[in-house]
Every structure is written in C-alpha cells, then in structure tokens.
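1. sequence first, predicted coordinates after that:
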Amino acid sequence: MLEKLLDEALLAHRARDMQKAERLIHQLAESPEEALHLAVDVLRQPGKIRQALAIRVIHLIRYPKNEQAIAALLCHIGDPILPGWNEAVETLVDMGPDVVVPHLVQALLEKGPPYHVDMGENLTWAYDVDGICCMLSMSTIPSEYPLRCCPAINCLLNQADLAQDTDKYPDIDMMLDVVEKAGDQVDYVLPTLIALAKKHPDSDVGERAKTLVSAFPAAIRATYKLLLTHV
C-alpha cells in the first residue's frame, strides 16, 4: 500500500503535478514506522527522483521517529548534485547536533558500513567525506556542526597528502573549507595547517593553509612564531 503511494507520487512528480505528489508524500508520512522502513530501502536502490521523494518522507516524519534513517541519509550526502541533497542536509540539521554529530564523526573517521557502501573495489568513504565537508561548510549550517566535527577533520588533514589518489582519500581543499567555517575557535589545527604549508609550499593547498593560519589572531599565532618563520 505505502509503496503504491510512493509510486503514485513519483508519477505525479514526473507529470509535474507537484501538489498531488506532495499530498501523497504527506499521506505516506502519516504511517511513520512503515514509511521510514520503505524510505530507507528506497535510498539503497537506484532511482534519483524516487530517492528524493523518500528523503522528503523521512523529513516529514521528523525526529525522533526518523532517527534510524541517519546512516542512509549520510550515504546520500556524498553527492551534492543529487536531487534531494539539500533536504537530506535539512533533515539531519533538524535532528540537532547532539544527535547527528556523533554519526558525522564516525562517518568521517571509519571507512565501512553503515555510512559507506561498497562500489566494487573501493568503498565510498572518500566520496562521502567530501559531501559531508560540503555540508559542514555551508553558510546556512549552524557553526556548532563544523566546530564539533573539526577534530575529526584535523585528524584527516594530518594524514593527507597531495600525491594520494583522490578516489581513495578526501579532497584536502574541501576539508580546509570546514576549518575555515569553524573559524579561530579551533586553534588546535594550527600545527596541521603549518605542516601543510611547509609540505606543499608551491601548491594551492599550501597557499590556502597559509591564508588560514594568518586568519587566527596574532596572540594565538605567537605560540607558533618560530615555526612560522619559514612559512
């Protein structure tokens, strides 16, 4: 019955009858337990528009009834151009940082399920982390999210190397976006930024790291003034 409602909503969406599609999605969300199970299953299957409708259902179910969908939503976060990406972000943010940040940290630091799926020879971890970084650096995201995730980002930056295969390791520049969004409250990242600037002096990453270092107040940078002599 619920799957039929979702199929009808998909047909309405394709026919550009958005009012009917939204009505059917709301009808689905009125059965939260069954609808959540269906929506999570849909996110594991192909079909981008159907996935976007499933995310809408999850959003309408609201926290705490939709908490079990967090891992499935984070799998979807990997690609910011997917339909439903923004609503997936909104759904996660609506749950609050105390609920979502522990999941984000685990998804950043651990490469396996439930947050990352096998795509043949490689897991989707690097790809998914890029999407999480995109989410954390958005101007509309409350600062508590990047602030609380920045220790994990710092850990990843410490292991980063420009020579690494970009399909197997997150994009350094996107991780630096999160550091920038977190601001000068994360002064513990300064040694990492200084190391990046020294290791890659003639690269865009090195220049970006130097710029981020200079954005910290002089009183904080003073602790590292000897390290900064040759940066």
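-> Happy to help now that I have it.

2. wait, what's in contact with K20?
-> A9, A12 (C-beta atoms under 8 Å, 6 or more residues apart in numbering). For the C-beta atoms, the positions are set from N, CA and C on the backbone; glycine is no exception.

3. so it versus E3, what's the distance?
-> 17 Å (C-beta to C-beta, to the nearest Å).

4. please apply the same query to C75.
-> 20 Å.

5. how about M138?
-> M138 is 33 Å from E3, where distance means C-beta to C-beta.

6. compare the two (neighbour count), which wins?
-> Taking other C-beta atoms under 10 Å, M138 and E3 do not tie; M138 has more neighbours (17 against 13).

7. the more buried one - nearest residue in space that isn't next to it in sequence?
-> Spatially, and ignoring its direct neighbours in sequence, M138 is nearest to V89 (7.2 Å; C-beta to C-beta, 6 or more residues apart in numbering).

8. what helix or strand does that neighbour sit in?
-> Per DSSP states H and E, V89 falls inside helix 85-95.

9. any residues touching that helix, and which ones?
-> Residues outside helix 85-95 that contact it (C-beta under 8 Å, 6+ apart): 52, 55-56, 58-59, 62-63, 66-67, 69-70, 73-74, 76-77, 79, 100, 131, 135, 138, 141-142, 145.

10. for that helix, C-alpha coordinates in CSV please.
-> Taking C-alpha atoms only, helix 85-95 is exported to CSV below (Å, rounded to 0.1, in the frame of the first residue of the first chain):
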residue,chain,number,x,y,z
TRP,A,85,20.6,16.5,-1.2
ASN,A,86,19.6,19.8,0.3
GLU,A,87,16.6,18.2,2.0
ALA,A,88,18.8,15.4,3.3
VAL,A,89,21.0,18.1,4.9
GLU,A,90,18.0,19.9,6.3
THR,A,91,16.6,16.7,7.8
LEU,A,92,19.9,15.9,9.5
VAL,A,93,20.3,19.5,10.9
ASP,A,94,16.7,19.5,12.2
MET,A,95,17.7,16.5,14.4
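
11. quick one: that helix to chain centroid distance?
-> How far helix 85-95 lies from its chain's middle: 10 Å, per C-alpha atoms, centre = their mean, to the nearest Å.

12. mind checking what secondary structure the residue most central in space within the chain has?
-> Compute the mean C-alpha point of the chain, and by C-alpha atoms, centre = their mean the closest residue is I132, 1.7 Å away. At I132 the chain is in helix, as set by DSSP: H, G, I helix; E, B strand; the rest coil.

13. against I172, how distant is it?
-> Applying C-beta to C-beta to I132 and I172 gives a distance of 14 Å.

14. what of R50?
-> Relative to I172, R50 is positioned 34 Å away (C-beta to C-beta).

15. sketch out the low-pLDDT regions of this structure for me.
-> Within the chain, the stretches with pLDDT under 70 are 118-122, 162-166.
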